[in-house]
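Enquirer: Turn this into a structure:
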Amino acid sequence: MNPHSEGGKTIFFFFLAAFFVIILLSTIFLYVLGSLWQITDLRFGRGDYPGAIRTLGYIALIDRHDIRAYQLKAWLQWSDAVEKSRRGEPYQLEIDAAIATLHSGKRVNPYAWELALEEGQIWECFGDMEKAALCYQEVFAYAPIPYSRLYPQTLKKCGKLKEACDAMASICADRNDRTSGVQLEELKNATAGQSTKEQ
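Expert: Next up, the predicted model:
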């Protein structure tokens, strides 16, 4: 096809226009996101946590792969649950909302270990170490040290010393990390002590 023909010029200008439209939409998208983060920051600074939660929800809706939006929104929700529990008020709705936020983030970001970490911290804060261990197992699969050590450490708190020892040994086998090695030795000693007591 001759690029100087009428058809060639039409196609060229079509692609040029499409390119500029994409650039324009990308700029608007980034501007809107930046503005929403600024609004979130202002609301957070003023102590308007419900407003910050709403704005973070908009950010997650626009950019579904922004892990920080889900993480911060959930943190604000379960922080509210902590405050209510301290005052002796019902707080289950806030925990449910935080978990729902994290799960919606995980649906579109299945390997985002940061979301599993946040959920594990919720369960640990409210004393459910079994659920925390399940979340930290996901962290263990994808996260770097020191986060991956949370799984064996939580298993130890659950009294599952053998499983904790195996998980820490797996970390030591994959990475040359002195702290993990020290913790593995501590777990081995605890496991040996438990076996002695059972005999």
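Enquirer: Can you pull out the residues in contact with the helix or strand harbouring Glu118?
Expert: Glu118 belongs to helix 113-125 when assigned by DSSP states H and E. For helix 113-125, contacts defined as C-beta atoms under 8 Å, 6 or more residues apart in numbering pick out 67, 70-71, 74-75, 78, 82, 95, 98-99, 102, 105-106, 109, 129, 131-133, 135-136, 138-139, 141-143, 147, 150, 154. C-betas here are computed from N, CA, C, even on glycine.
Enquirer: 6 Å - rerun?
Expert: For helix 113-125, contacts defined as C-beta atoms under 6 Å, 6 or more residues apart in numbering pick out 67, 70-71, 74, 78, 98, 102, 105-106, 131-132, 135-136, 138-139, 142-143.
Enquirer: elements contacting the next helix-or-strand element following that helix?
Expert: Sequence-wise, the next helix or strand downstream of helix 113-125 (DSSP H and E) is helix 129-142. Applying 3 or more C-beta pairs under 6 Å, 6 or more residues apart in numbering; DSSP states H and E, we find helix 129-142 packed against helix 113-125, helix 150-157.
Enquirer: can you rerun that using 10 Å?
Expert: helix 92-108, helix 113-125, helix 150-157, helix 161-174 (3 or more C-beta pairs under 10 Å, 6 or more residues apart in numbering; DSSP states H and E).
Enquirer: list the buried ones in the second one?
Expert: What that stands for is helix 113-125. Neighbour-count burial for helix 113-125, with 16 or more other C-beta atoms under 10 Å as criterion, is recorded at 113-124.
Enquirer: now swap in the third one and tell me
Expert: Under the neighbour-count criterion of 16+ other C-beta under 10 Å, helix 150-157 has 150-156 buried.
Enquirer: what does that helix rub up against?
Expert: With C-beta atoms under 10 Å, 6 or more residues apart in numbering as the test, helix 150-157 has contacts from 116-117, 120-121, 123-124, 129-141, 143, 146, 160-171, 180, 183-184, 186-187, 190-191.
Enquirer: Buried only: go through those for me.
Expert: Of the contacts of helix 150-157, these count as buried by 16+ other C-beta under 10 Å: 116-117, 120-121, 123-124, 129, 131-140, 143, 160-161, 163-165, 167-171, 180, 183-184, 187, 191.
Enquirer: chain center to the longest helix seen in the chain, what's the gap?
Expert: Taking DSSP state H as the criterion, the chain has its longest helix at helix 6-46. Chain-centre distance of helix 6-46: 27 Å, with C-alpha atoms, centre = their mean, to the nearest Å.
Enquirer: which helices and strands sit right next to that helix?
Expert: helix 49-62, helix 67-86.
Enquirer: Can you tell me which of the ones you listed is packed in deepest?
Expert: Ranked by mean neighbour count, the helices and strands packed on helix 6-46 are led by helix 67-86 with a mean of 20 (mean count of other C-beta atoms under 10 Å).
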